[in-house]
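In: Sequence and predicted model, in that order:
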Amino acid sequence: MKGALITGTVVSLAVTAAWSWMAAVTIGPAGPLNLTWHHPLASYLALAAAPTGNGWELSAVIAFIFATYFLVSGRRRYRRTGGTGG
């Protein structure tokens, strides 16, 4: 599982960087962020959306990447152990 976590992290960083670059090229640079301690959830969502313009889509893509790698890792482990789980 550690390999899946590391691979998922590297791939999600690469996808985020590529997505950010494409958004900067096509849409333009992001405006200034308004981060405040009074509304931490709103600040977090603004920070998450900063690279791409849409934080929910980015979160969904990253969740899909990690789910795929964990699924593949679990399947390989299941096949390697013969279905005994150990």
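Out: Perfect, I can see it now. Numbers count the residues shown, from 1 in each chain.
In: Could you tell me which ranges of the protein sit under the pLDDT cut-off?
Out: 23-35, 50-53, 83, 85-86 (pLDDT under 70).
In: Tell me where it has helices.
Out: Remark: helices assigned in the chain by DSSP state H are 2-26, 40-49, 55-81.
In: Only the C-alpha atoms, please, for the shortest one, written as PDB.
Out: Spelled out, it's helix 40-49. What follows is helix 40-49, C-alpha atoms only, in PDB (Å, rounded to 0.1, in the frame of the first residue of the first chain):
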ATOM      1  CA  PRO A  40     -11.400  28.800   7.500                       C
ATOM      2  CA  LEU A  41     -13.500  26.600   5.200                       C
ATOM      3  CA  ALA A  42     -14.000  29.400   2.600                       C
ATOM      4  CA  SER A  43     -10.300  30.200   2.800                       C
ATOM      5  CA  TYR A  44      -9.400  26.500   2.200                       C
ATOM      6  CA  LEU A  45     -11.800  26.200  -0.700                       C
ATOM      7  CA  ALA A  46     -10.300  29.400  -2.300                       C
ATOM      8  CA  LEU A  47      -6.800  28.000  -1.800                       C
ATOM      9  CA  ALA A  48      -7.700  24.600  -3.300                       C
ATOM     10  CA  ALA A  49      -9.300  26.300  -6.300                       C
END
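In: Turn the helices of the chain into TSV, including mean neighbour count.
Out: For the C-beta atoms, the positions are set from N, CA and C on the backbone; glycine is no exception. Converted to TSV, the helices of the chain look like this (neighbours: other C-beta atoms under 10 Å):
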stretch	mean neighbour count
helix 2-26	13
helix 40-49	13
helix 55-81	14
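In: Please report the distance of residue 2 from residue 9.
Out: Counting by C-beta to C-beta, to the nearest Å, the gap from residue 2 to residue 9 is 11 Å.
In: and what of residue 40?
Out: Taking C-beta to C-beta, one finds residue 40 at 24 Å from residue 9.
In: likewise residue 78?
Out: Distance, residue 78 to residue 9, by C-beta to C-beta: 23 Å.
In: Please name the residues that touch residue 7.
Out: Counting by C-beta atoms under 8 Å, 6 or more residues apart in numbering, residue 7 makes contact with residue 69.
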